[in-house]
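Asker: return a 3D structure for these sequence lines:
(2 chains)
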2 protein chains.
Amino acid sequence: MPSTFESIVVVGAGAVGSFYGAVLARAGHRVTLIGRAPHVAAIQQHGLQLHKGGTVERVRLGASTDIGAVRDADLVLFCVKSTDTETVGREIAPHLNADALVMSLQNGVDNAPTLAQLVKGTVVPTVVYVATAMPEPGVVKHFGRGELVIGPLNAVQASDAALLPRLQAVVALFASADVPVKISPDVMAELWSKLMVNCAYNAISGLAQLPYGVMAAQPDVVELQRAVVREVVAVANADGVKLDLDASLQTMERIAATMPAQLSSTAQDMARGKRSEIDHLNGTVARRGVALGVPTPVNQALHALVKLVEAGRK
Amino acid sequence: MPSTFESIVVVGAGAVGSFYGAVLARAGHRVTLIGRAPHVAAIQQHGLQLHKGGTVERVRLGASTDIGAVRDADLVLFCVKSTDTETVGREIAPHLNADALVMSLQNGVDNAPTLAQLVKGTVVPTVVYVATAMPEPGVVKHFGRGELVIGPLNAVQASDAALLPRLQAVVALFASADVPVKISPDVMAELWSKLMVNCAYNAISGLAQLPYGVMAAQPDVVELQRAVVREVVAVANADGVKLDLDASLQTMERIAATMPAQLSSTAQDMARGKRSEIDHLNGTVARRGVALGVPTPVNQALHALVKLVEAGRK
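Answerer: From the prediction side, this is the model:
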């Protein structure tokens, strides 16, 4: 197993993937972004324009629209939207090196497990705490944070002695680009915690097309969000994931206080008529609830309402 | 007690109130509408224009903007929106004859009880099955049906021997205008049944701004509506009202089949930025559920979401 990485390929070069690809390339690593044609063309012509900490830098790195470019990778940063995980997972599977490490830098708790069933490489769930945007092809903006949390996907991985040195290699790699990476035995709990917050904000902000601060000013809405959180925690616990109810409620309520002007990504997708990730947010909780015998009426309601709006736009 | 009615006053002359006022006036009864200034002015100038069964007729009847005009009434048709019941109930109370019969021609199960606490007259819950519209002041259009169901508000009324002849007088009055009125010992169950349907359609159609047919095509949405119905039936039963679950589910699902193009009144209010009746639909179920110890997470969610949209528009 390699203790360092010779070839890093970003699959799904949106804002998050392009950002991490850029900072790794800037630190001297060989990076190829696989993305859409306009983004790839802009990067091939001018390099990737990285706005960060008040400065703008042009970063040279590989870029391709060909999914087969993943064949060189010993490290894959898998950054597609949750709605594309299954399709793109199947596309990369025949090309992927069996020794490759595949980091799933995605929201939701079902992406890494889904991917692990499709590809030969080792899939590492990765929690991403970063604020970025891609205002136009070839340009990525960093607004804050950047740290990652990684860890074993399941009990089998946790008991694999070969995994830890590979995770430590990931920490060293990102450290060379000043990106802090924490190894956690409970990475799935962190993903569930992030899911819990998204379940409590995304659909409601989307249905009402209102920011978090307006939601927090309505006691009935906060009560609804608390009902969402109680259901998510119950499902996570039934799924064997340690998530504390009181801590989760506090975490959830803090979000509106720190980001009152924020519209959820679901709200933005709905406003643009794009397909949202709702199936992988409240939809996941509803599906897992059914499988585990945990009632989730409120998550089911929010999921059904967002799907209805999306169906009505067709 | 009068066995016939000498003076009928409609309080809240919208489409429903103006329609019943018009057909009673046309049948030779003395009717006064209390409504908004433009409507009253149009009626005083030209009479009320009634479109019905393919013909147009000008009906002469009294019209006033003065709430004090209710003082003459021995029969009041109380037709204001649920959101105005308390305010208007307080306004008519000091003028109202203690002998007056007050028919609450309103949706929801809380209007008649609220009104009964505010006025001296006898309040009769009335279920209205009619399709009407008021396209402009002075004009009312009838699209279909018209029948009413009346009955005792509660056990005290049910055991009052004087009530039945008065209800029979109402039947005779409306029969003279070809409006069928049924006396039911279970009028509150019929109001709950109508509330059940409204709870299952209005908020969802409003939040998605989509008609019933699109909702019915989404299995997750139908499942959500069934969850709403289960909660409403549980609350009604806990409230001592006989509502059958299977029959209610069938009634609810039939509505979308018979009115696929229908947008709910809540959807129309939301689209126009008007305050909806949601507090008296899913809001009533949520409040009664709390009082009776019956969980209503889905009705609470729908109520909170519609209130959030309304709050966001302020």
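
Asker: would you pull up the residue in the stretch 1-150 of chain A closest to chain B?
Answerer: Chain B sits closest to residue A:83 of the stretch 1-150 of chain A, with a gap of 16.6 Å, by CB to the nearest CB. No exception for glycine: its C-beta is placed from N, CA and C like everyone else's.

Asker: so that residue sits in a strand?
Answerer: No: under DSSP: H, G, I helix; E, B strand; the rest coil, residue A:83 falls outside any strand and is assigned helix.

Asker: within range of chain B, give me the residues from chain A.
Answerer: Residues of chain A found near chain B (CB under 8 Å from any CB of the partner chain) are A:204, A:207-210, A:214-215, A:217-218, A:220-221, A:223-224, A:227, A:297-298, A:300-305, A:307-309, A:311-312.

Asker: hmm, 6 Å instead?
Answerer: Residues of chain A lying near chain B by CB under 6 Å from any CB of the partner chain: A:207-208, A:210, A:214, A:218, A:220-221, A:224, A:227, A:297-298, A:301, A:304-305, A:307-309, A:311-312.

Asker: quick one: buried ones out of the residues you listed?
Answerer: Buried residues within those, counting neighbours by 16 or more other CB atoms under 10 Å in any protein chain shown: A:207-208, A:210, A:214, A:218, A:220-221, A:224, A:227, A:297-298, A:301, A:304-305, A:307-309, A:311.

Asker: please flag which of those sit within strands.
Answerer: Among these, no member falls in strands (DSSP state E).

Asker: next step: those residues restricted to helices.
Answerer: Within those, residues falling in helices by DSSP state H are A:207-208, A:214, A:220-221, A:224, A:227, A:297-298, A:301, A:304-305, A:307-309, A:311.

Asker: show me the helices in chain A, by range?
Answerer: A:15-26, A:37-46, A:85-92, A:111-118, A:155-158, A:163-175, A:187-208, A:212-216, A:219-238, A:245-258, A:265-271, A:282-292, A:297-312.

Asker: as a whole number, average confidence for the second one?
Answerer: If I follow you right, that is helix A:37-46. Mean pLDDT, helix A:37-46: 97.

Asker: before we move on, what about stretch A:21-28?
Answerer: Averaging pLDDT along stretch A:21-28 yields 98.

Asker: cool, and stretch A:155-162?
Answerer: Computed over stretch A:155-162, the mean pLDDT rounds to 93.

Asker: now do stretch A:216-233
Answerer: For stretch A:216-233, mean pLDDT is 98.

Asker: buried ones in that stretch, by neighbour count?
Answerer: Buried, per 16+ other CB under 10 Å, within stretch A:216-233: A:216, A:218, A:220-222, A:224-233.

Asker: same question for stretch A:281-301.
Answerer: A:281-289, A:294, A:296-301.

Asker: same question, stretch A:16-36
Answerer: Buried, per 16+ other CB under 10 Å, within stretch A:16-36: A:16-26, A:29, A:31-35.

Asker: wait, residue A:262 touches residue A:210, no?
Answerer: No: with contact taken as CB atoms under 6 Å, residue A:262 and residue A:210 are classed as non-touching, separated by 10.4 Å.

Asker: right, and residue A:176 touches residue A:27 too?
Answerer: Yes: counting by CB under 6 Å, residue A:176 touches residue A:27, with 4.8 Å between them.

Asker: point out where chain A drops to low pLDDT.
Answerer: Within chain A, the stretches with pLDDT under 70 are A:1-3.

Asker: could you rerun that using 80?
Answerer: A:1-3, A:314 (pLDDT under 80).

Asker: contacts for stretch A:9-27, please.
Answerer: Contact with stretch A:9-27 is made by A:8, A:31-35, A:48, A:50, A:59, A:61, A:70, A:73, A:76-80, A:105, A:132-134, A:140, A:142, A:176-177, as judged by CB atoms under 6 Å, 6 or more residues apart in numbering or on different chains.
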